[in-house]
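> What follows is a predicted structure for the sequence shown.
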Amino acid sequence: MTTTTSPSAQAASQDPAALSAASFSVVLRDATREEHTAAEERGFITQLMGGELSEADYWRLLAQYLPLYEALEQAIEAAAAEDDLAAAFHDPRFARVAAIRADLAARFGADHEIDAPLPITARYAHRIRTASVPQLLAHHYLRYLGDLSGGQAIGALVARHYQVPREQLTMWDFSDIDAPKRVKDAYRAHLDEITDPAVREEFLAETKLGYELAGELFTALER
């Protein structure tokens, strides 16, 4: 698949001075396009979204998401209490742990034993828990802005292909957010307010790593 990166974003990803001057939300989107595409094109997730797998495979994915979101939500809450940058991005309406647990309980019963984390899931969650603030925000950006965007398509496709009822898809329900586009625009505005080149560079590098970790998780689920 051929991808196109804007000249300004390409220059910014290579030059610290350009990185500090360019719109950071655009840099993040364009400079990580290759990693984003590589993660999305892993066999497991493309087959799952294409209706080629089974309902059970969706639940396997959701079970692996649980420890990732637990790590992310605990880390961002702790960081937001002490760090102004983390506090600017923290929004309790993004939280997904309760929804994931509710979906799994609705499908399998409250006493159902949830799948243990795969080795890649454990490594991914550990990375989130031990991240610096810029690194943590990179994972926050990947997960939550993704959930508010492409994540909505995931919920619709799972319902269509595997007949999962709406009450078992609350992971993808952001009805508490009245205007998702406005929230996403505000999130990108906060990104653009990050002016420190070192913070931007660390954030960008971790975003690339986050896509790689997501791709490794999809590969492990395929195996």
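The structure has been received and is ready for your questions.
> Which positions within stretch 56-76 qualify as buried?
Using 16 or more other CB atoms under 10 Å as the test for burial, stretch 56-76 gives 57-73, 75-76. All C-beta spots, glycine's among them, are computed from the backbone N, C-alpha and C.
> Name the surrounding residues that touch stretch 73-83.
If you take CB atoms under 8 Å, 6 or more residues apart in numbering as the criterion, stretch 73-83 is touched by 86-87, 89-90, 95-97, 128-129, 131, 133, 136, 140.
> Helices - which of those land there?
Assignment to helices by DSSP state H places the following of the contacts of stretch 73-83 there: Ala86, Ala87, Phe89, Val97, Ile128, Arg129, Val133, Leu136, His140.
> The fifth one and Leu142, how far apart?
In other words, Ile128. Distance, Ile128 to Leu142, by CB to CB, to the nearest Å: 10 Å.
> Which one of those two is surrounded by more residues?
Taking neighbours as other CB atoms under 10 Å, Ile128 and Leu142 compare with Ile128 leading, 26 against 22.
> what's near enough to touch the residue positioned nearest the centre of the chain?
In the chain, the C-alpha nearest the mean C-alpha coordinate belongs to Arg143, at 1.6 Å (CA atoms, centre = their mean). By CB under 8 Å, 6+ apart, the contact set of Arg143 is Leu68, Tyr69, Leu72, Arg96.
> Nearest to Ile177 among these?
Arg96 (12.5 Å; CB to CB).
> Check the contact between the closest one and Tyr69; I expect there is one.
Yes - with contacts counted by CB atoms under 8 Å, Arg96 reaches Tyr69, the gap being 4.8 Å.
> Give me the pLDDT for the residue nearest to the centre of the chain.
The per-residue pLDDT reported for Arg143 equals 96.
> Repeat that for the one 4 residues further on.
Turning to Asp147, the model gives it a pLDDT of 93.
> now do the one 3 residues further on
Reported pLDDT at Gly150 in the predicted model: 81.
> cool, and Ala18?
Note for Ala18: predicted pLDDT of 56.
> cool, and Asp178?
We have a pLDDT of 88 for Asp178.
> backbone phi and psi for it, please?
Backbone torsions of Asp178, given as degrees, to the nearest 10, read phi -70, psi -40.
> give the contact list for Arg119.
That one is not Arg; residue 119 is Pro. Here Pro119 is in contact with Ala220 (CB under 8 Å, 6+ apart).
> if we go to 10 Å?
Residues near Pro119 by CB atoms under 10 Å, 6 or more residues apart in numbering: Glu216, Ala220.
> So how do I select the buried members of the ones in helices among the contacts of stretch 73-83 in PyMOL?
Of the ones in helices among the contacts of stretch 73-83, the buried ones go into a single PyMOL selection, burial set by 16+ other CB under 10 Å:
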select buried, resi 86+89+97+128+133+136+140
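> so how many other residues sit close to Asp30?
Considering only other CB under 10 Å, Asp30 is surrounded by 22 other residues.
> My read is that it contacts Thr37, right?
No - under the criterion of CB atoms under 10 Å, Asp30 is not in contact with Thr37, lying 11.9 Å apart.
> any residues in contact with both of Ile128 and Leu142?
Common neighbours of Ile128 and Leu142, using CB under 10 Å, 6+ apart, are Leu72, Glu206, Gly210, Leu213.
> Could you export the residues you listed to TSV, including columns for pLDDT?
Shown next, in TSV, are those (pLDDT from 0 to 100):
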residue	pLDDT
Leu72	98
Glu206	98
Gly210	98
Leu213	97
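> just checking, which of those belong to helices?
Leu72, Glu206, Gly210, Leu213.
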